[in-house]
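In: pasting the structure only:
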């Protein structure tokens, strides 16, 4: 389960690359009730999505020619430079070398060997997201991998992740956990083989108190329904959506916990 007590390898930041930040703010405001706060004129348009006064995600302009609108998941690292070296040594690609983000922290952007993009955040003044695993906040991340059998070893070399297989409807599913503590309690995401016709990618899941209502709000505000809401036994009700610019994301209405 995601928390804001970040440990090495845990998702600790999330941002959206968008061609139209005001439009993105309107869309996610309508869907999740998020507000937008600019990071200031020196940040080049970058800003924060907030819920109840706490940061749940961020958004910025597309920075590379030909880049597609997408969410990027960041993982906690104590040393972004060492992680960048490990990425290269284990068959990944460094897309953006480690650099300081003013006094906030240090980051780098990578592509794993299967083609999925991700990033790391080495905290300084900004520790990470301020709200997770609550309604309208990040609650899970999922990798649709180019090679589901080989990919866990790559991320294990970077973060020490543990993995455990389980059966999901129609496909094998691997649950990912950080290195320490109870494996189930430390789980934060999953991994599946990317489906034919899709590009490998990390997908953020946001907690929805009502998945169907969230889908309706997304569709009514210019988004598209990639996968209608459906029930996953012992997990909850899930839907895949895309915002008006085409960036995919998912929502999860968690199943009630058994007593």
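Out: The structure has been received and is ready for your questions. All values reported here derive from a predicted model rather than from experimental measurement.
In: what mean pLDDT does the longest helix along the chain have?
Out: Longest helix of the chain, by residue count under DSSP state H: helix 21-32. For helix 21-32, mean pLDDT rounds to 98.
In: What are the contacting residues of the helix or strand following it?
Out: Along the chain past helix 21-32, the next helix or strand (assigned with DSSP states H and E) turns out to be strand 35-38. Contact partners of strand 35-38, identified using Cβ atoms under 8 Å, 6 or more residues apart in numbering, comprise 21, 25, 29, 45, 46, 47, 48, 49, 50, 51, 59. For glycine as for every other residue, the C-beta is placed from the backbone atoms N, C-alpha and C.
In: What is the subsequent helix or strand relative to strand 35-38?
Out: Where DSSP H and E defines the elements, the next helix or strand beyond strand 35-38 is strand 47-51.
In: Which pLDDT value does the model give residue 258?
Out: In this model, residue 258 carries a pLDDT of 57.
In: Which strands and helices lie in contact with the longest helix of the chain?
Out: For helix 21-32, the packing partners by 3 or more Cβ pairs under 8 Å, 6 or more residues apart in numbering; DSSP states H and E come out as strand 35-38, strand 47-51, strand 54-61, helix 211-220.
In: Tell me which residues are up against the third one.
Out: Contacts to strand 54-61, defined as Cβ under 8 Å, 6+ apart, come from residues 13-19, 21, 24-25, 28, 32, 34, 36, 39, 43-50, 71, 129-132, 136-138, 204.
In: what do you get if the cut-off is 7 Å, keeping everything else the same?
Out: 14-18, 21, 24, 34, 44-50, 129-131, 136-138 (Cβ atoms under 7 Å, 6 or more residues apart in numbering).
In: quick check: angle from it to strand 47-51?
Out: 150 degrees (axes from the mean of the first three to the mean of the last three Cα atoms, to 10 degrees).
In: So which other helices or strands are in contact with the next helix or strand along the chain from strand 54-61?
Out: Downstream of strand 54-61, the first helix or strand assigned by DSSP H and E is strand 70-76. If contacts are counted by 3 or more Cβ pairs under 7 Å, 6 or more residues apart in numbering; DSSP states H and E, strand 70-76 sits against strand 11-18, strand 117-123, strand 201-207.
In: Any stretches of the protein with poor pLDDT?
Out: Along the chain, the model assigns pLDDT under 70 to residues 169, 258-259.
In: 80 - rerun?
Out: For the chain, applying pLDDT under 80 flags the ranges 1, 64-66, 167-171, 257-259.
In: Filter the contacts of strand 35-38 down to just the buried residues.
Out: By the neighbour-count criterion of 16 or more other Cβ atoms under 10 Å, these include these buried positions: 21, 25, 46, 47, 48, 49, 50, 51, 59.
In: Tell me which of the helices and strands packed on strand 70-76 lies nearest to residue 244.
Out: strand 11-18 (9.4 Å; Cβ to Cβ).
In: what's the closest of the helices and strands packed on strand 70-76 to residue 228?
Out: From these, taking Cβ to Cβ, the stretch that ends up closest is strand 201-207, at 15.6 Å.
In: contacting residues for residue 42?
Out: No contacts exist for residue 42 under Cβ under 7 Å, 6+ apart.
In: Please report how far it lies from residue 101.
Out: Computed as Cβ to Cβ, to the nearest Å, the residue 42 to residue 101 distance reads 11 Å.
In: Please apply the same query to residue 110.
Out: 16 Å.
In: out of the two, which sits in the more crowded spot?
Out: More neighbours surround residue 110 than the other of residue 110 and residue 101, with 21 against 16 (other Cβ atoms under 10 Å).
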